[in-house]
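1. can't give you the sequence, but here's the structure:
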């Protein structure tokens with residue numbers, strides 16, 4: 001792992017001057033390239049933010065044009081991600097300044113939002129004010145926020161993609177589960193996670209909701225049982241979710257279907273955050289063509 005070192009400043013420099021110097025470095029490092037999509041990573045110091053910086057840097061037809069976070073302001077984004085060469089793009093905490101700089105280049109710009117639910121709406125509006133589209137991957141975002149963003153994007157004719165998951169494998173699992181649900185009357189979702197946060201997982205809830213929307217009833221034999229060992233029922237159609245938590249486990253989601261004489265199972269494993277990068281690159285390529293809000297990356301598979 002690359003050791004992170006704080007930059008050394010002369011004693012006469014105060015905090016304000018450091019940020020101004022970092023901003024000047026950022027503006028000078030931007031090279032106009034109308035062919036490339038200019039990408040800003042908001043939440044750049046998170047694990048997923050650092051992975052996104054590397055992925056965008058390697059992707060064809062796009063480039064990192066800014067990195068935003070409230071942590072490690074002034075640090076080079078490339079060095080922070082362990083890249084061999086610095087990107088000469090400092091971490092800044094001012095999305096407005098970065099968005100304005102991109103707007104001046106007349107290039108397609110996309111802000112990737114990895115922040116938190118409470119700031120998503122303002123971030124998307126702020127990006128849209130400078131003509132930048134947004135890709136939002138923020139777990140636990142409220143549906144009320146998505147609805148409000150949809151209304152805003154329609155009025156502004158501005159593209160935004162809100163993705164409950166960026167994992168293409170997860171989306172393929174959901175599609176397989178939907179196809180199987182027409183042929184089986186019994187279904188159970190079993191998931192394993194290394195930590196107990198956010199259970200049932202977003203992935204399990206999404207699958208259960210998709211199956212519920214079909215209007216079918218599952219597990220009729222024990223749909224009304226109150227036995228806690230039978231897992232949590234999501235919705236009113238009998239889809240049950242069982243969540244197992246043990247440190248060291250791979251994040252796994254399995255959907256089991258059964259019919260007379262057979263069991264059909266589909267499974268998806270996640271080993272690290274890299275699984276989200278192909279979906280992120282796809283989302284960035286697609287959102288620049290949008291003029292409204294789309295919910296779910298599966299619309300583009």
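-> Nice, I can see it. Small disclaimer: the values here were computed from a predicted structure and weren't measured.

2. make it CA atoms for all contacts and neighbour counts henceforth
-> OK.

3. give me the beta-bridge partners of residue 40?
-> residue 66, residue 111 (DSSP bridges).

4. so who does it touch?
-> 64-68, 98, 109-112 (CA atoms under 8 Å, 6 or more residues apart in numbering).

5. widest-spaced pair of those?
-> 68 and 109 (14.5 Å; CA to CA).

6. out of those two, which sits in the more crowded spot?
-> residue 109 (29 against 26; other CA atoms under 10 Å).

7. would you mind measuring from the more buried one to residue 129?
-> 12 Å (CA to CA, to the nearest Å).

8. go on, residue 153?
-> In terms of CA to CA, residue 153 sits 11 Å off from residue 129.

9. and for residue 243?
-> 42 Å.

10. cool, and residue 240?
-> 44 Å.

11. and the pLDDT for residue 226?
-> Per-residue pLDDT puts residue 226 at 73.

12. help me confirm that it is found in a helix?
-> No - read with DSSP: H, G, I helix; E, B strand; the rest coil, residue 226 is coil and lies in no helix.

13. so how many other residues sit close to it?
-> Residue 226: 11 neighbours (other CA under 10 Å).

14. nearest spatial neighbour of residue 125, skipping sequence neighbours?
-> What sits nearest to residue 125 in space, not counting adjacent residues and going by CA to CA, 6 or more residues apart in numbering, is residue 152, at 8.0 Å.

15. in this structure, what residue spans correspond to helices?
-> 15-29, 47-58, 77-80, 95-104, 117-128, 143-156, 168-181, 202-212, 277-287 (DSSP state H).

16. from the contact counts, what lies against the third one?
-> To tie it back to what came earlier, the one meant is helix 77-80. helix 47-58 (3 or more CA pairs under 8 Å, 6 or more residues apart in numbering; DSSP states H and E).

17. would you mark the buried spots in the helix it packs on?
-> Within helix 47-58, the residues that count as buried by 16 or more other CA atoms under 10 Å are 48-57.

18. any chance of CSV for those, columns distance to residue 165 and pLDDT?
-> Formatted as CSV, these follow (distance: CA to CA, whole Å; pLDDT from 0 to 100):
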residue, distance to residue 165, pLDDT
48, 13, 97
49, 15, 97
50, 17, 97
51, 15, 97
52, 14, 98
53, 18, 97
54, 19, 97
55, 17, 97
56, 18, 97
57, 21, 96
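
19. more neighbours: residue 240 and residue 129, which one.
-> Neighbours per residue, other CA under 10 Å: of residue 240 and residue 129, the larger number sits with residue 240, 22 against 16.

20. show me what contacts that one?
-> Residue 240 touches 187-189, 208, 230-234, counting by CA under 8 Å, 6+ apart.

21. go again using 6 Å as the cut-off
-> Residues near residue 240 by CA atoms under 6 Å, 6 or more residues apart in numbering: 188, 231-233.

22. kindly report the same for residue 189.
-> Applying CA under 6 Å, 6+ apart to residue 189 gives the contacts 241, 254-255.

23. now residue 91
-> Contacts of residue 91 (CA under 6 Å, 6+ apart): 67-68, 73-75, 77.

24. could you turn the buried ones of these into a PyMOL selection?
-> Of these, the buried ones go into a single PyMOL selection, burial set by 16+ other CA under 10 Å:
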select buried, resi 67+68+73+74+75+77
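
25. closest one of the contacts of residue 91 to residue 274?
-> Of the contacts of residue 91, the one sitting nearest to residue 274 (CA to CA) turns out to be residue 77, at 17.8 Å.

26. OK, contacts around that closest one?
-> 89-91 are the contacts of residue 77 under CA under 6 Å, 6+ apart.

27. let's see which of those residues end up in strands.
-> residue 91 (DSSP state E).

28. got JSON lines for the contacts of residue 77, with distance to residue 146 and pLDDT too?
-> As requested, those are exported to JSON lines (distance: CA to CA, whole Å; pLDDT from 0 to 100):
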{"residue": "89", "distance to residue 146": "31", "pLDDT": "95"}
{"residue": "90", "distance to residue 146": "31", "pLDDT": "96"}
{"residue": "91", "distance to residue 146": "28", "pLDDT": "96"}
